[in-house]
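[1] Any chance you could fold what I've pasted below:
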Amino acid sequence: MSRKRRRFTAEFKTRVALDALSGEQALSELAAKYGVHPNQISQWKRQAKEGVAASFSGKAQKNQQSDEARIKELHAKIGQLTVEKDFLQQAFAKI
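    Numbering: from 1, shown residues only. As a prediction, the model looks like this:
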């Protein structure tokens, strides 16, 4: 008996985390309202707090810059592999 893992959208997680951060309702009430385990709500709440802190500390900008550098690196690699593939196709076409 296997259970399929439920997937939640980012919007849903954000809504639940913001409700949890507001403190108007207990975690058990939010869990019943949204049909999610209280531990999962706590985890999303913690992630939301960390994300907000990172956005004010500049870590988000550093992560974005490192992502952009990684994307440039991967584009260069794609170009290199394309050239190699084309070369090998031409070489094997002559055989």
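[2] From the chain's centroid, how far away is stretch 19-29?
    24 Å (C-alpha atoms, centre = their mean, to the nearest Å).
[3] And for stretch 85-95?
    40 Å.
[4] Can you work out which other helices and strands pack against whichever strand or helix holds residue 39?
    Using DSSP states H and E, residue 39 sits in helix 38-57. Judged by 3 or more C-beta pairs under 8 Å, 6 or more residues apart in numbering; DSSP states H and E, helix 38-57 is in contact with helix 10-22, helix 27-34, helix 59-93. All C-beta atoms are positioned from the backbone trio N, CA, C, and that covers glycine.
[5] Of all those helices, which one comes closest to residue 4?
    Proximity to residue 4 (C-beta to C-beta) singles out helix 10-22 among the helices and strands packed on helix 38-57, at 17.1 Å.
[6] name the helices or strands packed onto the closest one?
    Helix 10-22 packs on helix 27-34, helix 38-57, going by 3+ C-beta pairs under 8 Å, 6+ apart.
[7] For the first one, what does the pLDDT average out to?
    To tie it back to what came earlier, the one meant is helix 27-34. Averaging pLDDT along helix 27-34 yields 94.
[8] Tell me which residues touch the closest residue to residue 12 other than its chain neighbours, please.
    Closest residue in space to residue 12, ignoring its immediate chain neighbours: residue 34 at 7.8 Å, by C-beta to C-beta, 6 or more residues apart in numbering. Applying C-beta atoms under 8 Å, 6 or more residues apart in numbering to residue 34 gives the contacts 12, 16, 41.
[9] redo that, cut-off 10 Å
    Taking C-beta atoms under 10 Å, 6 or more residues apart in numbering, we find residue 34 in contact with 8, 12-13, 15-16, 19-20, 40-41.
[10] Mind giving me the ChimeraX command for buried ones among these?
    Paste this into ChimeraX to select the buried members of the contacts of residue 34, with burial taken from 16 or more other C-beta atoms under 10 Å:
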select :13,16,19,20,40,41
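[11] for the contacts of residue 34, which one is nearest residue 51?
    Distances from residue 51 to these, taken by C-beta to C-beta, are shortest for residue 13, at 10.8 Å.
[12] separation between the closest one and residue 64?
    21 Å (C-beta to C-beta, to the nearest Å).
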